[in-house]
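Asker: The following comprises the amino acid sequence and a computationally predicted model.
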Amino acid sequence: TFLWLAFCIGLGEIAYRLFWCHKEMQEFGKSYLPEAPEVLLGAKDLVPIYRKVQQGQKTLFVPRLISRIVLQFQSAKSVDRANSLLNSSLDLFLHEVELRYNMLRYLVWLIPSLGFLGTVVGIIAGLNLAAVQYKEKAGEIDLAAVTDALAVAFYTTWLGLLMAAALVFLNHLAQGREEGVVNRAGQYCLDHLINKLYERNT
């Protein structure tokens with residue numbers, strides 16, 4: 001029961017992460033930034049961009065990244081500092097993604113541990129059954145009953161390892177997609193914001 005509960009919690013956590021990854025991907029279709037190559041952006045040109053970003057969901061990577069860069073450039077009027085902020089923000093976002101998977105990593109460790117624990121309990125139960133039969137039946141042991149108990153015990157280990165392997169695969173898949181979104185957000189801001197900024201007195 002605990003094995004299946006932990007596995008279902010892990011699947012739910014992965015589904016939740018993939019759901020948010022899908023929401024992150026949708027942000028690229030909202031045209032926050034002008035994508036025409038000939039467009040240049042000064043500090044005043046960033047005001048409507050900032051307002052549009054503030055109307056969206058501020059917890060997602062793209063709006064957060066654009067907001068930070070816009071505020072930095074408007075205050076410092078420096079493209080280099082805006083670019084430095086982009087790089088440091090991407091590092092922080094990747095670390096944030098890494099932290100989001102702590103629970104899944106714990107579950108990947110917990111599930112096979114529960115499987116091994118079930119095996120130990122099953123072996124103890126099988127040996128106790130053999131001991132009871134030996135005493136009650138004057139040295140006779142029902143090997144079929146004992147082997148059935150041991151089979152169930154080893155089945156828990158097999159099931160735990162199988163569940164852990166499935167979660168590890170799905171964990172890497174989901175985390176890879178989220179890290180890909182962070183990289184794409186950085187590329188999006190670099191191509192359509194950082195590279196189009198120019199410094200001027202306003």
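Answerer: Great, that's in hand.

Asker: And the strand or helix carrying residue 73, what's buried?
Answerer: Secondary-structure element containing residue 73, defined by DSSP states H and E: helix 61-76. Burial within helix 61-76, assessed by neighbour count using 16 or more other Cβ atoms under 10 Å, is assigned to 61-70, 72-74. No exception for glycine: its C-beta is placed from N, CA and C like everyone else's.

Asker: And for stretch 84-93?
Answerer: By 16+ other Cβ under 10 Å, the buried positions in stretch 84-93 come out as 85-86, 89-90, 93.

Asker: Stretch 4-22 now?
Answerer: If you call a residue buried by 16+ other Cβ under 10 Å, then stretch 4-22 has these buried ones: 6-7, 9-11, 13-14, 17, 20-21.

Asker: The buried residues of stretch 84-93 in helices, which ones?
Answerer: 85-86, 89-90, 93 (DSSP state H).

Asker: what about this structure, any weak spots by pLDDT?
Answerer: 133-134, 137-146, 149, 200-202 (pLDDT under 70).

Asker: what about residue 101, how many neighbours?
Answerer: With neighbours defined by other Cβ atoms under 10 Å, the count for residue 101 comes to 18.

Asker: my guess is it meets residue 171, correct?
Answerer: Yes - here residue 101 reaches residue 171: they are 6.3 Å apart, a contact under Cβ atoms under 8 Å.

Asker: ok, longest helix in the chain?
Answerer: Across the chain, the longest stretch assigned as helix under DSSP H is helix 143-192.

Asker: Tell me what angle it forms with helix 61-76.
Answerer: Using axes from the mean of the first three to the mean of the last three Cα atoms, to 10 degrees, the direction of helix 143-192 lies 40 degrees away from that of helix 61-76.

Asker: and which of the buried residues of helix 61-76 is nearest residue 157?
Answerer: In terms of Cβ to Cβ, no member of the buried residues of helix 61-76 lies closer to residue 157 than residue 61, at 40.1 Å.

Asker: For the closest one, which residues are in contact?
Answerer: Neighbour list for residue 61: 24, 27, 93, 181-182, 185 [criterion: Cβ atoms under 8 Å, 6 or more residues apart in numbering].

Asker: what's the most distant pair in these?
Answerer: Based on Cβ to Cβ, the longest span within the contacts of residue 61 runs between 27 and 93 and measures 13.1 Å.

Asker: Common neighbours of the two, please.
Answerer: 61, 185.

Asker: re the thing from before, which of the contacts of residue 61 tops the neighbour count?
Answerer: Across the contacts of residue 61, the neighbour count under other Cβ under 10 Å reaches its highest value at residue 185, namely 25 neighbours.
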